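[1] Mind looking at a prediction? Sequence and model below.
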Amino acid sequence: MSPPVEMMNKISSIEGYDGCDPELVMQKRLLRSDLTPYQSRLLIPCGRYNNLNFLTHDELRRMEKCRESHYKDPEDDLRVLLVEPCLEETELSLRKWCSFGNHVEYFLTKGWWSVLERNELEVGDAVQLWKFRRFNQLCLALVIVEIENIEYQD
């Protein structure tokens, strides 16, 4: 499984791309909570469709440090390049969230609302999130897909 050709061509053209095949991080249907302005975030849930082993040890350590400090310093955020479905590049923050019972999830924020508007994303759209690296830094690509059997998860 790999991203669509147009997305793969875009990823390949990014300066510093390491040449490794992108890895699927998650696929899900967008929920109302992913599209509400006051939350302004894309939740990357745990679940059978998702691979949350996409971070390096250093990135995990940095995210834990930020979470423990309650993200008080915006400079501490793990900034990632996101290639949008429209093939524009934008920078977002990736954050870690631990809910009750130490259930770990990640989410993209700080710029997510602009991504929604530019790509006209709607509740129920099926999306995939792909991981790749440039200059050894985490990058992500968001793809809208036509998949019938993705369940709603949140």
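    On my side now, so go ahead.

[2] which secondary structure elements does the longest helix along the chain contact?
    If you go by DSSP state H, the chain has its longest helix at helix 57-68. Here helix 57-68 touches strand 78-83, strand 89-99, going by 3 or more Cβ pairs under 8 Å, 6 or more residues apart in numbering; DSSP states H and E. C-betas here are computed from N, CA, C, even on glycine.

[3] Partner strands of the longest one and their direction?
    Put plainly, it is strand 89-99. Strand 89-99 has the following sheet partners, assigned by DSSP bridges: strand 78-83 (antiparallel), strand 103-109 (antiparallel).

[4] buried sites along the longest one?
    Just to be clear, that refers to strand 103-109. Within strand 103-109, the residues scored as buried using 16 or more other Cβ atoms under 10 Å are 105-109.

[5] next one: the first one
    Within strand 78-83, the residues scored as buried using 16+ other Cβ under 10 Å are 78, 80-83.

[6] could those be laid out in a markdown table, adding distance to residue 58 and pLDDT?
    As requested, the buried residues of strand 78-83 are exported to a markdown table (distance: Cβ to Cβ, whole Å; pLDDT from 0 to 100):
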| residue | distance to residue 58 | pLDDT |
| --- | --- | --- |
| 78 | 10 | 86 |
| 80 | 14 | 93 |
| 81 | 17 | 95 |
| 82 | 20 | 96 |
| 83 | 23 | 95 |
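
[7] Go through these and name the one nearest residue 42.
    residue 82 (9.3 Å; Cβ to Cβ).

[8] How far off centre is the lowest-mean-pLDDT helix or strand in the chain?
    Counting by mean pLDDT, DSSP states H and E, the weakest-scoring helix or strand in the chain turns out to be helix 57-68, with a mean of 76. Distance of helix 57-68 from the chain centroid (Cα atoms, centre = their mean, to the nearest Å) equals 16 Å.
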